[in-house]
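1. structure for this input, please:
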Amino acid sequence: MEIKIALAQMAVAVGEPERNWATAQAMAAEAASQGAGLLMLPELWPTGYDLDRVEAHAAPLDQGAFAHMAELAHRHRLYVVGTALEAHPAGRPFNTAALYGPDGGRLGAYRKVHLWAPLGETEYMSAGDALPLFDLPWGRVALAICYDLRFPELWRRYALAGAELILIPAAWPARRIEHWRLLLRARAVENQLCVVGCNRAGGGVDIPDDRFGGHSAAVDPWARVLVEGDGEPGLFVAELDLNEVARSRRLFPFLRDRRPEVYHLD
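-> Next comes the predicted model:
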C-alpha cells in the first residue's frame, strides 16, 4: 500500500514554543495541500534542547505540544508524529514521540530508549524501556528517535516483530550528517523495511559551533532514497510503497538465515 509522507525539516527556535508552533502549522497546511497522508516533525520541535526549562516545557500526553500535534492531525486530516517533552509523574521528563490519527486521536507513543549524554539528555531526561508497534492502514509502523539510529539491535527487534516502516524524528548535527545518511540506508537494507527520518535544520544555541544537519530522507528496502532534503529548512514529500517490503523479503529472505544461537548477544 502507498503512503505519501511529508517531512517538516524545521529550524527550531530554542525555548520559543509559540514561534515553533506557528512554523509547524504552516508546514502542516503545506503538507495537506500536497496531498500528504502523514506529517513528520523533528525531534523536540516545540522547544529544542532548552534543558534548563525542561520541567516547564514538559506536559502529559495529549496536553501542551502533544495537544498541538493532535490539533494538526484533526485540522488537516493527517497522521502526525513528532517528539516533545512528556511529563514524568515520578522523575525527569521523557523525550516522547507521539503518533496521532486524522481524527486527532492518539494512536500511541514511544519514549526515547537511548539518551545522548553530550546534549544533556542523561542529566535532564528519563529513558524509555518499551518498543511499541502500531498497525496502521498501510502497514505495521514503529518509532525511534535520533540517537536510536546507532543501535541496530533495536531495529532488528522491530523487524522481527513485523515492522514495515520505521519513523525517526531527529536533531542530528551537521558535523556527523554523513553518519545519519549512511545509517538510514543501512537500517532499511539490513532489516528490509522502509525508513523515514525527519531531521532538524539550522543553527541553535543548544548546539554551539555547529548546525543541525537536515537531510531528512525516506529510504525503501532496496536502499533507494525516495526524497532527501538539503541542509536548509523546508518541506520534503515522498511516496512510499510498502508492498516493496514484502517483495524484498520474498525475493531475498536473508532474515530467515540468522543464527541467533551463535551470536550470544548480551
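
2. can you map out the strands along the chain?
-> Here the chain has its strands, by DSSP state E, at 2-9, 38-40, 79-86, 94-100, 106-111, 133-136, 139-143, 165-170, 194-199, 201-202, 212-213, 217-219, 225-228, 234-241.

3. just put the ones you listed in TSV and tack on mean neighbour count.
-> To be clear about C-beta, it is placed using only N, CA and C from the backbone, and glycine gets the same treatment. Putting these into TSV (neighbours: other CB atoms under 10 Å) gives the following:
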stretch	mean neighbour count
strand 2-9	24
strand 38-40	27
strand 79-86	28
strand 94-100	26
strand 106-111	20
strand 133-136	17
strand 139-143	23
strand 165-170	27
strand 194-199	28
strand 201-202	22
strand 212-213	27
strand 217-219	25
strand 225-228	16
strand 234-241	19
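
4. can you add distance to Gln25 and mean pLDDT and give these back as TSV?
-> TSV is the format used below for the strands of the chain (distance: least, CB to CB, whole Å; pLDDT from 0 to 100):
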stretch	distance to Gln25	mean pLDDT
strand 2-9	10	97
strand 38-40	11	98
strand 79-86	12	98
strand 94-100	15	98
strand 106-111	19	97
strand 133-136	24	97
strand 139-143	22	97
strand 165-170	17	98
strand 194-199	16	98
strand 201-202	18	96
strand 212-213	21	97
strand 217-219	23	98
strand 225-228	22	98
strand 234-241	12	98
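
5. turn the ones you listed into CSV, including distance to Arg53.
-> Shown next, in CSV, are the strands of the chain (distance: least, CB to CB, whole Å):
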stretch, distance to Arg53
strand 2-9, 23
strand 38-40, 25
strand 79-86, 10
strand 94-100, 15
strand 106-111, 20
strand 133-136, 31
strand 139-143, 25
strand 165-170, 20
strand 194-199, 23
strand 201-202, 20
strand 212-213, 19
strand 217-219, 31
strand 225-228, 33
strand 234-241, 28
